[in-house]
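*Asks:* Following is a predicted model, sequence given first.
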Amino acid sequence: MTTKTATDNLVEVENVNFAYDSRQILKGVNLSIQRGQVVAIMGLSGCGKTTLLRLIGGALRPTQGEVRVGGRAVAKLNHDELFALRRKMGMLFQFGALFTDMSCYDNVAFQMREHTDLPEELIDDLVLMKLQAVGLRGAHRLMPSELSGGMARRVALARTTALDPMLIMYDEPFAGLDPVSMGVIGELIRRLNDSLGATSIIVTHDVAEALQLVDYVYFMSDGTIVTQGTPDELRASEKPFVHQFVYGETDGPMPFHYPADDYGRDLYATEAR
């Protein structure tokens, strides 16, 4: 058996805390993501998943601790170094975030034109190749308003991989999709990751789809990593909060309500006013 070392890790998050003013979001988060893996970060809304993606991409800086990508501390990079690193990353936003006034073709070509000196003839070949990979070469002249939700997500995925990134981050890639589109996007994420030799991080609530395609899962609750493991290990977990989340149970330790004062006291206070 080959022993994994720190050099196999593309992303390392070490003792990271993050707060918006006095509101603590992340609390002592530690995780590592190996090169070539597809890793899911899962948990209830508001537990800090998307904030973690922003720290990895350098949009935010940790209050404490360190985030490293490719062995480099992201928060210590200067402006030029950070943007050079970001050119090696791809980000698929929750609802695609396509440029609405650009065709599918121009959306995918945008990064190539912005960040490379490639001739337009070569860009044309590359754009059509990226759209072919997501099954939408025939839709290259369409505008985003002419696309279904699933098609828009696939064009956004083509744009995300335009510069063959080493790291691809997905923020809720399955949100709002029908079951067929969800399956197509899941298959594309896995296939593109493997064919590009990339590493992928997926933030998602969709347990069934994610556990079919990822190699490893980090489970977050209240700003901390509470458990981790392979999909099979999470399915078999006896921890009550993991079992509740994986199987969608209504009863369990995870609360439905955001923390608040006693409801009766609030009602009496309203009546008194």
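*Replies:* Received it, and whenever you're ready, just let me know what you need. Computed from a predicted model, the values in this text were never measured in an experiment.
*Asks:* Spatially nearest residue to residue 9 (excluding sequence neighbours)?
*Replies:* Take residue 9 and drop its neighbours on the chain: the residue closest to it by CB to CB, 6 or more residues apart in numbering is residue 32, 4.5 Å away. Any C-beta I mention is one placed from the backbone N, CA and C, and that applies to glycine too.
*Asks:* so who does residue 72 touch?
*Replies:* 81, 85 (CB atoms under 8 Å, 6 or more residues apart in numbering).
*Asks:* Distance check, it against residue 124.
*Replies:* Remark: distance between residue 72 and residue 124 (CB to CB, to the nearest Å) = 34 Å.
*Asks:* Check residue 268 too.
*Replies:* From residue 268 to residue 124 the distance is 68 Å (CB to CB).
*Asks:* So which of those two has more stuff around it?
*Replies:* Each of residue 268 and residue 124 has its neighbours counted (other CB atoms under 10 Å); residue 124 has more, 15 against 11.
*Asks:* quick one, phi psi at residue 38?
*Replies:* Dihedral pair for residue 38: phi -110, psi 120, per degrees, to the nearest 10.
*Asks:* let me redo that: residue 166
*Replies:* Dihedral angles (degrees, to the nearest 10) for residue 166: phi -80, psi -20.
*Asks:* Now do the contacts for it.
*Replies:* Counted by CB under 8 Å, 6+ apart, residue 166 has contacts 10, 70, 88, 89, 197, 198, 199.
*Asks:* Read off the pLDDT value for the residue most central in space within the chain.
*Replies:* The residue lying closest to the centre of the chain (CA atoms, centre = their mean) is residue 170, at 2.8 Å. In this model, residue 170 is scored at 89, pLDDT.
*Asks:* Just confirm residue 68 is within a strand.
*Replies:* Yes. The assignment for residue 68 by DSSP: H, G, I helix; E, B strand; the rest coil puts it in a strand.
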